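# Structure of the sequence below:
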Amino acid sequence: MSFTPVPGRQTERYEIAAPLDTDYYGVFDDLSAEERDAWMRARTFSEEIAPGIAEWWDRGEYDLSVVRRMGELDLFTDGIEHEGLTHLTPLGAGLVNMEISRGDGSMGTVVAVQGGLALRTLALFGSDEQKAAWLLPIARGEVLGSFALTEPDHGSDSVSLETRARRETDGGFVLDGAKKWIGNGASGGVTFVWARVESPGADDDGTVRCFLVPQDTPGYVGEPMRGKASLRGIHQALITLTAVRVPATAVLPGTRSFKDASTVLYATRSGVAWSALGHATACYEAALQYAQQRIQFGKPLAKFQMVQERLAQMLEELTGMQLYCRHLADLEADGRLRPTQASLAKYHNTRTARTIAASARDLLGGNGILLEYGVMQHMADIEAIHTYEGTESVQALLIGRDITGMSAFA
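Numbering: from 1, shown residues only. Sure, this is the predicted structure:
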């Protein structure tokens, strides 16, 4: 049905979702052809899914077939170096994270879980047999992967995890415990479960190891968490493991301690900084386009001094986030990135993204709370990435320990 203007309603809606490729300092001017191609593949995906995002938000779930589409576009490799996988530079991988999060936060988290956590864990620590069976299916999105470390009682102190893996006389294991906030943990795929080994007399007794567990294994129950106000599209699960029996071949042989889980988390922390940049970019560009189209007091909002000052502040903050991400990628490419440098980037970018989102929501006025304009959804989704892969307080303590030489952890 066509739109007919009536007094008091001259505009049907504001078109504010178009990407503007904001890059005031030319931070991304020197991309290689491969890096730019990866970025544009991610944009293709975001544009394809745009019509369904509002429905996924309302339903609190997304169409799992889109994971296969992401695999077809080769968006899961996340800078992982492994034979058989397309290698993206840290910059290329970051741009994929950024662009997909600019389109939708839930899909940005799918990339982080499927590629950054599950695929990276397998590539780094899996046996040749495990990789032969699962690496390409996960990379192609044919099998959904999840990473189960966080527990209901152990979030920031995940090193204290209580899930147990009791070694049996035949060399297999029995897993008992619970995990929470596990992306794709109830999707019917496979889960990389981190558990503490119980094997008196064995050299790995008491150590933390990782187990590859198909989700249809008896005793594995994954329940999608409901009532989320953030990242509503992705399935995040509460997992109960009750006498889950797995063979000795389920152990990822490269995992011997909690430090191995930390290796994966450090790598994905950079991805969170890029994801925050994607959300902030969407919010800034929506605010800019809205200010150019919205007429108040007889002129566009963009002609008001106060609005221009606010947009300039948002651009200043966004450019700082871009500079953090670019240098982060350059450090990683040179092999010089330290874990606490990734922590500082996440710490800065998620905090700054919150500020930009709040400014954008305010600039859109009442329209800012409507999901159709996207800003409110990004604002809610930023709250999740501000917390996962290490809360603001945990990042601050990691950085503080590094610069003072003193640990403030309890």
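# Please tell me I have it right and residue 35 contacts residue 96.
No - here residue 35 lies out of contact with residue 96, judged by C-beta atoms under 8 Å, at a distance of 9.4 Å. Using the backbone N, CA and C atoms, a C-beta is placed for each residue, glycine as well.
# okay, and the common contacts of those two?
Shared contacts of residue 35 and residue 96 (C-beta atoms under 8 Å, 6 or more residues apart in numbering): residue 88.
# Show me what the host helix or strand of residue 291 is packed against.
In the assignment (DSSP states H and E), residue 291 maps to helix 258-293. If you count contacts as 3 or more C-beta pairs under 8 Å, 6 or more residues apart in numbering; DSSP states H and E, helix 258-293 packs onto helix 90-103, helix 105-111, helix 120-125, strand 208-214, strand 299-300, helix 305-333, helix 339-363, helix 375-387.
# quick one, which of those is nearest to residue 271?
Nearest to residue 271, of all the helices and strands packed on helix 258-293, is helix 90-103, at 4.8 Å by C-beta to C-beta.
# among the helices and strands packed on helix 258-293, which is nearest residue 63?
Among those, helix 105-111 comes nearest to residue 63, with 10.9 Å by C-beta to C-beta.
# Quick one: mean pLDDT for the closest one?
Across helix 105-111, the average pLDDT comes to 93.
# heading toward the C-terminus, what's the first helix or strand past the helix or strand containing residue 176?
Assigned by DSSP H and E, residue 176 belongs to strand 173-183. For strand 173-183, the following helix or strand on the C-terminal side (DSSP H and E) is strand 190-198.
# about what we covered before: in the strand holding residue 176, what counts as buried?
Buried residues in strand 173-183, counted by 16 or more other C-beta atoms under 10 Å: 173, 174, 175, 176, 177, 178, 179, 180, 181, 182, 183.
# try stretch 285-305
Buried, per 16+ other C-beta under 10 Å, within stretch 285-305: 285, 286, 287, 288, 289, 290, 291, 294, 301, 302.
# where's the dip in pLDDT among those?
Within the buried residues of stretch 285-305, residue 294 has the lowest pLDDT, namely 94.
# how much space is there between that residue and residue 356?
Residue 294 sits 18 Å away from residue 356, going by C-beta to C-beta, to the nearest Å.
# What part of this structure, helix or strand, is modelled with the least confidence?
Ranking every helix and strand in the chain by mean pLDDT, DSSP states H and E puts helix 53-59 at the bottom, with a mean of 82.
# So which residues lie in contact with it, not counting its own?
Under C-beta under 8 Å, 6+ apart, the answer for helix 53-59 is 62, 63, 103, 104, 106, 232, 233, 371, 372, 377.
# Just give me the closest of those to residue 24.
Using C-beta to C-beta, residue 103 comes nearest to residue 24 of these, at 21.4 Å.
# where in this structure is pLDDT low?
1-3, 10, 410 (pLDDT under 70).
# Kindly state the domain boundaries assigned to it.
Split into domains by automatic domain parsing, the chain comes to 33-139, 145-257, 259-404.
# The second one: end-to-end distance?
Domain 145-257 stretches 21 Å from its first residue to its last (C-alpha to C-alpha, to the nearest Å).
# Could you check how far the nearest residue to residue 214 once chain neighbours are set aside is from residue 63?
In space, and not counting its chain neighbours, residue 214 is closest to residue 190: 5.3 Å by C-beta to C-beta, 6 or more residues apart in numbering. The gap separating residue 190 from residue 63 is 20 Å, by C-beta to C-beta.
# and what of residue 248?
For residue 248, the distance to residue 63 equals 37 Å [C-beta to C-beta].
# likewise residue 262?
33 Å.
# so what's residue 116 up against?
By C-beta under 8 Å, 6+ apart, the neighbours of residue 116 are 78, 264, 267, 268, 271.
# what do you get if the cut-off is 6 Å, keeping everything else the same?
When contacts are counted by C-beta atoms under 6 Å, 6 or more residues apart in numbering, residue 116 touches 78, 268, 271.
# Who's the closest spatial neighbour of it, skipping the chain neighbours?
Leaving out its chain neighbours, the residue that sits closest to residue 116 by C-beta to C-beta, 6+ apart is residue 268, at 4.0 Å.
# Find the residue at the geometric middle of the chain.
What sits nearest the mean C-alpha location of the chain, by C-alpha atoms, centre = their mean, is residue 109, with 3.4 Å.
# Spatially nearest residue to that one, not counting backbone neighbours?
residue 234 (5.0 Å).
# Same check on residue 185?
residue 237 (3.2 Å).
# just checking, the one you found is part of a helix?
No - looking at residue 237 with DSSP: H, G, I helix; E, B strand; the rest coil, it is strand, so not inside a helix.
# Now do the contacts for it.
By C-beta under 6 Å, 6+ apart, the neighbours of residue 237 are 182, 185, 186, 222, 224.
# Report the beta-bridge partners for it.
For residue 237, the beta-bridge assignment (DSSP bridges) gives partners residue 182, residue 224.
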